[in-house]
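Peer 1: after the sequence you'll find the predicted model.
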Number of protein chains: 4
Amino acid sequence: MGDTIGPGGVFRGLRTIPVLLDICYDMEKLCPHALLINYANPMAINCWAINSMTKIRNVGLCHSVQGTAMQLANYINVPYEDVYYWVAGINHQAFFLEFKYRGKDAYPLLWEAMKRKEIYEMDKVRFEMMKYLGYFITESSHHLSEYVPYFRTTEERRRIYCEPRWFYLEICKGAWKPHFERIRRQINGEEPIELNRSHEYAVDIIYSMETGKPCRINGNVENKGLITNLPYSSCVEVPCLVDKGGIHPCHVGDLPPQCAALNRTNINVQELAVKAALERDRNAALQAIMFDPLTSAILTPKEIEMMVNEMFEAEAKWIHF
Amino acid sequence: MGDTIGPGGVFRGLRTIPVLLDICYDMEKLCPHALLINYANPMAINCWAINSMTKIRNVGLCHSVQGTAMQLANYINVPYEDVYYWVAGINHQAFFLEFKYRGKDAYPLLWEAMKRKEIYEMDKVRFEMMKYLGYFITESSHHLSEYVPYFRTTEERRRIYCEPRWFYLEICKGAWKPHFERIRRQINGEEPIELNRSHEYAVDIIYSMETGKPCRINGNVENKGLITNLPYSSCVEVPCLVDKGGIHPCHVGDLPPQCAALNRTNINVQELAVKAALERDRNAALQAIMFDPLTSAILTPKEIEMMVNEMFEAEAKWIHF
Amino acid sequence: MGDTIGPGGVFRGLRTIPVLLDICYDMEKLCPHALLINYANPMAINCWAINSMTKIRNVGLCHSVQGTAMQLANYINVPYEDVYYWVAGINHQAFFLEFKYRGKDAYPLLWEAMKRKEIYEMDKVRFEMMKYLGYFITESSHHLSEYVPYFRTTEERRRIYCEPRWFYLEICKGAWKPHFERIRRQINGEEPIELNRSHEYAVDIIYSMETGKPCRINGNVENKGLITNLPYSSCVEVPCLVDKGGIHPCHVGDLPPQCAALNRTNINVQELAVKAALERDRNAALQAIMFDPLTSAILTPKEIEMMVNEMFEAEAKWIHF
Amino acid sequence: MGDTIGPGGVFRGLRTIPVLLDICYDMEKLCPHALLINYANPMAINCWAINSMTKIRNVGLCHSVQGTAMQLANYINVPYEDVYYWVAGINHQAFFLEFKYRGKDAYPLLWEAMKRKEIYEMDKVRFEMMKYLGYFITESSHHLSEYVPYFRTTEERRRIYCEPRWFYLEICKGAWKPHFERIRRQINGEEPIELNRSHEYAVDIIYSMETGKPCRINGNVENKGLITNLPYSSCVEVPCLVDKGGIHPCHVGDLPPQCAALNRTNINVQELAVKAALERDRNAALQAIMFDPLTSAILTPKEIEMMVNEMFEAEAKWIHF
């Protein structure tokens, strides 16, 4: 997929950050108190850059937390309404630190479910990681396999763990046009605008900020001591209270050390990618990719350098340094 | 009143902490996952001690935040339902960092209201403090005047700023008996138990933990980086999200420096009072009172020593060191 | 003396900071890698302002640490060469956390010495503070009595604890002229320049930076986690390693809580004084003095306001806001 | 070599920690104020465990900092006495943050030296890392190649980057016997004890603690905010002042982000290895090795599990859990 870390994620960040910052600078002039809701990936890299450069209030949103919670309820065959979860980490790599069914720990049910072949097969990489780290992770097996060194280094491993089901690029290519067409028609009044409440957090946020009825979301925010064993100032995905005053991140404390370890390997990449974009520093982009767990399992620094040079050449139209 | 800091507050802490800790140690055996809701003063001193000695989940509650918010709505003559506030600091000395009416800053209305004699007269000490620090404080003028050096050092100042309206001790003496009597009769079924929902946070907490519908309270919790310019591990009063999983404190960040300064003068006393209780250290109790802003404005260390010795003698029945 | 905190110290800071910053801005252009050695009071306020506004390397120096150590050696009647000390806190209020004679704790000798009237009398305020806090403080009794509320609130207390021996202003008035005259003559070659090595740290610093032979000094530097229970970014006086690369502050950790408490009451004033100077904010100056322990023991906020207004008027020639 | 991280380093830690802790527990009884000087690897893992479990003063020593400085002086062909360096990071992976010759940055000389084939060939891995990260690292190319994923994943890469020159195990096997024999004879008075001062830091430490003349060493100590972008409580290798009072670590601040990133990948392993040893937790040992950059570049979690199980079996005699 290549939209979160790895060479693809880093370069997507290099292309996207300047655009997002321009939006922020416009907001500083036009609506300095408004809330920026960002849905664009690479989420952590983008939000980190925004938090470094502007005081515009912002939150990064994804549906992987509530989406995974629904999947988990499904795996253990209980109604979603009856599960409780407390999830924290970084975007696409947050951990179900608590997962409860009617007030009791539901992990035993999940370990049982994992034993059933048809369930394990649906989410191989996430169950493998849970087996060794002890916690379920928020992003799909397909995505997750890109953020760790283990499952994509050989053809055989890709076949076993990451059987391709669909190609993201093809989906995007096919999907965007009818999607944009529909929006255009809706704007022109040629088609009614449907008002079904989705499970996207943006809906809950607007509702709470307007009505004052509080809600809880998982948002991507600056780590100002929220997760105490991840680097200060990195971008973390934590539970947040939303009220009339906006987004208020909750204190999480230390992650279990193995979870923090996993997150740190990705934060390494994010930090250097942000530096590359903000300081227009090619070498920092190379360093970012040098610390990518999957890339570094395959290539030497010299080979990474060659690849990065090629990528800068190929993307010269969008990246001007 | 003498129940928060000062010689009275420190000694009340010395008497109360061992009792609270005994409750916690019982809970560790009997209900290790239960939530302790503490309403006993000295709030910050008690909660700090609890957080130092046990892992029992706990929160300290007071009604000064919502009570003051109601007063403020009243002072500016708008419905309570239409005000929004974000309050943080320490118990009895938290600041209305945001106070809004229908989405707009309501402080200008409050500054206007203060100019009216009948309103200023009702809350002299708090308005004096707001005049110089810029923020309204959560505890009543009567209480607040005990936490600062300014208003009680001479007879004249007491007359101007702290005209006595009632004597807390007399009220307590008169009130507790009929109160306990009524509870006894209710338990015995001789009188019906009324079920009117009060504005005490305990009610909201139980409701949210049982139904899963989130609410926001101000709770007294351990400062694990929540208010970044108050000492780590002190007890702070901050907005908290409450959900099925319990109390989740929100990150506040730095207080305005003048607010942090005021809080620190009180935290100095609290920290040493907690030390005195936990280490059974008379000298730390003396030091606590030596840093009490009001006491230190009146007495020399030597005089404080004499007073503290007398107090230990008088309370020897309850304090065994 | 009024040169450290209190109304005098705060206003001296307001007058001095702009001058020091101008020197720093010149250095940024002319010698960006040079080390600024500051000897001007109010030390903590000045250095804090410098650290907030410029990246110029700097250290604030005083002779109170080594001077007090010599006095202590004298009080316990042992050679200065045989004592070891580890001192930390803030300027003029740092604590002898360790004081040893030939490898053993020398505090018992000091407690003994204090019992002798002629020694106690020489340093009344410092011995009073040691009696209750347990640690000896670096600044002279005369100075120290200005930083705490206890000893100057009444005529009687001043007589008992702070018998005036000399008037700083008179001394300065009398001393500066011959001093400057001598320097002028030395520069003109009319008088030889004496090259006796003093015990001022500047001498040691230059020696170590030139020869590479390391030394230890106590320097006033930014608190970047050096003293962990004093506010981050405040100005602390801690042991520093000096080598060819310059000044390297050592990690101290937590001060004893009663020592941190004392320092915090002064840091409150410093922080707001720095804010006043940097933001040209009269109200912050008023707040600074409102938190001065001695001033707040004597005056109400309203009275402080009147005094501050008068001072701004009197110093209008030097303070332009 | 396998003595720092990787499967070999983790298991060496599991075997060594209990022995070191026993020494500390003895010291607590017999000499609670003595300084433990540890030279045993895995340095960071061992010291981290010691700092977690005992208050015994300790420092971990290695000669890689001064040894590398000598090599660097040699590479750029200047006398060692004329270079200045400021080195920080973790043991075996500390960075020459400053490297100066007669007061000027000597890195340009080093970049020049690297261009000469005979110099580059002597230290391939370190020069490759310097090329991309910008800083020279303290441990030899041979060692360093084990701590990163890049240079040992294929036979070809090992041949290019890590040509074996000697086998550590063989050296140890051959060396220990004559070495111990010599010590035995020295103790028995059959052979004179030579008193040549080595460049090991232990010598300098004892000298400074006895004479009071300060020196600077690089020691492995607990990260209590010394390196601000590495995890709190991890074991870092930083410049320390040594005086009569012992070892005083200096504040370093943030490492360049790419250096912190590299260190974090190793700290991940260390933290979990310490947890495994202290909590006697096989799963934490597996997790430690799962995060080893080199192992994770080669094996899947399942394969790592199999290897770890085999190793526990093979070492059952020394590891009792």
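Peer 2: Alright, I've got the coordinates.
Peer 1: so what's the gap between the helix or strand of chain A with the lowest mean pLDDT and the chain middle?
Peer 2: Ranked by mean pLDDT, DSSP states H and E, the weakest helix or strand in chain A is helix A:168-187, scoring a mean of 85. Averaged C-alpha coordinates place helix A:168-187 at 22 Å from its chain's average position (CA atoms, centre = their mean, to the nearest Å).
Peer 1: identify the residue of the stretch 51-200 of chain A closest to chain B, quick one.
Peer 2: Residue nearest to chain B within the stretch 51-200 of chain A (CB to the nearest CB): residue A:84, separated by 4.6 Å. To be clear about C-beta, it is placed using only N, CA and C from the backbone, and glycine gets the same treatment.
Peer 1: got a list of what that residue touches?
Peer 2: Residues near residue A:84 by CB atoms under 8 Å, 6 or more residues apart in numbering or on different chains: A:98-101, A:103, B:212, B:243-245.
Peer 1: give me the three-state assignment for residue A:2.
Peer 2: On the three-state scheme (DSSP: H, G, I helix; E, B strand; the rest coil), residue A:2 is labelled coil.
Peer 1: how about the residue in the stretch 201-321 of chain A that chain B sits nearest to, what does it touch?
Peer 2: In the stretch 201-321 of chain A, no residue comes nearer to chain B than residue A:225, which is 3.4 Å away by CB to the nearest CB. By CB under 8 Å, 6+ apart, the contact list for residue A:225 reads A:232, A:251, B:224-225, B:228, B:251.
Peer 1: flag the shaky bits of the stretch 51-200 of chain A, pLDDT-wise.
Peer 2: Filtered on pLDDT under 70, the stretch 51-200 of chain A yields the residue ranges A:165-166.
Peer 1: burial count for the nearest residue to residue A:186 once chain neighbours are set aside?
Peer 2: Nearest residue to residue A:186, sequence neighbours excluded (CB to CB, 6 or more residues apart in numbering or on different chains): residue A:193, at 4.9 Å. Neighbourhood size, residue A:193 [other CB atoms under 10 Å in any protein chain shown]: 10.
Peer 1: thinking again about what came up before, which of the contacts of residue A:225 sits closest to chain D?
Peer 2: residue A:232 (7.6 Å).
Peer 1: make sure the closest one is actually in contact with residue A:224.
Peer 2: Yes: at 7.1 Å, residue A:232 counts as touching residue A:224 under the criterion of CB atoms under 8 Å.
Peer 1: that's a strand at residue A:220, yeah?
Peer 2: Yes: judged by three-state DSSP, residue A:220 forms part of a strand.
Peer 1: which element is residue A:118 on?
Peer 2: helix A:117-122 (DSSP states H and E).
Peer 1: next SSE after that helix?
Peer 2: Downstream of helix A:117-122, the first helix or strand assigned by DSSP H and E is helix A:124-133.
Peer 1: other SSEs contacting that following helix?
Peer 2: Contact partners of helix A:124-133 among helices and strands, from 3 or more CB pairs under 8 Å, 6 or more residues apart in numbering or on different chains; DSSP states H and E: helix A:107-115, helix A:141-144, helix A:155-161, helix A:257-279, helix D:282-290, helix D:301-314.
Peer 1: using CSV, write out every CA atom in that helix.
Peer 2: Output of helix A:124-133 as CSV, limited to C-alpha atoms (Å, rounded to 0.1, in the frame of the first residue of the first chain):
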residue,chain,number,x,y,z
LYS,A,124,-2.8,-13.8,9.8
VAL,A,125,-0.3,-11.0,10.4
ARG,A,126,-2.2,-9.4,13.2
PHE,A,127,-2.7,-12.7,15.0
GLU,A,128,1.0,-13.5,14.6
MET,A,129,1.9,-10.2,16.2
MET,A,130,-0.7,-10.7,18.9
LYS,A,131,0.7,-14.2,19.6
TYR,A,132,4.2,-12.7,20.4
LEU,A,133,3.4,-9.2,21.7
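Peer 1: many thanks, have a good one.
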